[in-house]
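J.: Next comes the sequence, and after it the predicted model I'd like to discuss.
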Amino acid sequence: MKIEFCPICEKDLELTEIRCKESIRVRGEDFQVDAHYFRCPNCGEEFDTSNSDHDSLAEAYDMYRKKKSMLFPLQIKKFRHKYELTQKELTALLGWGAVTLSRYENGALQNLSHDRELQEAKTPAGLLKLIELSPSALTEEKRERLRSILLSERGERNNFLYKLDSALSIAQPGITNGFQRFDLEKYFGVVEFFCSKGGVLKTKLNKLLFYADFFHYQNNQVSITGSQYAALPFGQVPNDYKKLLAVMEEDLSIIETEEVLFPGNYAGEKHVTLSTTNIESLSELELATLETIEEFFNGMNSTEIKDFSHSEKGWIETGKAELISYKYAEAISLCV
């Protein structure tokens, strides 16, 4: 019981505090969220209080955004502040109604087309395009200053990405890359696919990439991404995976990293997809392979898939930090 004001009885009473789960429907989909309200023993009415710190609808909206890989209100606001744009200026660049952006930043759920426009605008190339299409949205001085910043960012990012792509694709097709030259777009597409359904922990993601490439090679004599995998203490990992993930998150806004807390106060990192444009580079055959891998490992956590991968002949027989030959694809132990 808790002393709170009952708006029906219009006086302070000992109200029953209720915490439970409730289903909230968002655009045709149901989400189970935490509910917190009070019941008055005098009149029997149930209601929220003005000092409640929980918003069930906002929680359901966030769950929907996460499921659909949409931007959160704070991400939209941080993007606008990064380039010192007012709501009025960004709204004019996007060609939206006067209060639309303000509503989104304050928690209203954006529609999918608006979200994709925002995600595109978050990239240097995307924002540059908007500036060129709507020159009157900004003052001449601000437009030129912003163009200078964006051109510099695009140049730096493109240069780094070009160097990374060149370094990874320099290896000729052979047994260490599944007779496939490294394909950056397909690599991004595979990561997007595995992270698009609620996110994947980093350790598990590396194993899913390994099994996707080796299983595809087992059945088609060619890998999907052309990645080379090293045998490290925690298992098989693709070359330069840290740099690739950093590019996907910091430069291209393809994924984001969320902290996950486990029992015992252990924290892990989960990657969640923000964009799925690179999935289009994958063939139907390659997508079928990814679906098979996802289904097979669906019930395994990071520790379980790590232990499972340590039983692979390729990891056992390959020297520490050496590249794993795709000849071991024949021996991978997937019962599908």
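T.: Sure, I can see it. Remember, it's a predicted structure, so these values are computed and weren't measured experimentally. Numbering: from 1, shown residues only.

J.: which stretches of the protein aren't confidently modelled?
T.: 1, 49-54, 262-266, 335-336 (pLDDT under 70).

J.: mind giving me the domain ranges of it?
T.: Under the assignment automatic domain parsing, the domains of the chain span 2-64, 68-170, 172-331.

J.: tell me how far the second one is from the chain's mean position?
T.: Okay, so that is domain 68-170. Put simply, domain 68-170 sits 18 Å off its chain's centre (CA atoms, centre = their mean, to the nearest Å).

J.: Repeat that for the longest one.
T.: Averaging C-alpha positions (CA atoms, centre = their mean) puts domain 172-331 15 Å from its chain's average.

J.: re the thing from before, winner for burial among the domains of the chain?
T.: Highest mean neighbour count among the domains of the chain (mean count of other CB atoms under 10 Å): domain 172-331, with a mean of 18. C-betas here are computed from N, CA, C, even on glycine.

J.: and that domain, how far apart are its ends?
T.: Start-to-end span of domain 172-331 (CA to CA, to the nearest Å) is 24 Å.

J.: same deal with stretch 185-203?
T.: 21 Å.

J.: ok, L128 - contacts?
T.: Contact analysis of L128 by CB atoms under 8 Å, 6 or more residues apart in numbering lists 147, 150-151, 154.

J.: I'd assumed I175 was in contact with Q228.
T.: No. With contact defined as CB atoms under 8 Å, Q228 and I175 do not form a contacting pair (10.1 Å).

J.: From the contacts of L128, which land in helices?
T.: Among those, the ones falling in helices (DSSP state H) are 147, 150-151, 154.

J.: Make a markdown table from those and add distance to F72 to it.
T.: Listed next are the ones in helices among the contacts of L128 as a markdown table, based on distance: CB to CB, whole Å:
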| residue | distance to F72 |
| --- | --- |
| R147 | 28 |
| L150 | 23 |
| L151 | 28 |
| R154 | 25 |
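
J.: For R27, state which of those residues is nearest.
T.: Closest approach to R27 among the ones in helices among the contacts of L128 (CB to CB): L150, at 33.3 Å.

J.: Can you show me the helices along this protein?
T.: 56-67, 73-82, 87-94, 100-105, 112-121, 124-133, 140-169, 184-195, 202-220, 241-246, 284-296, 302-309, 313-317.

J.: Okay then, goodbye and thanks.
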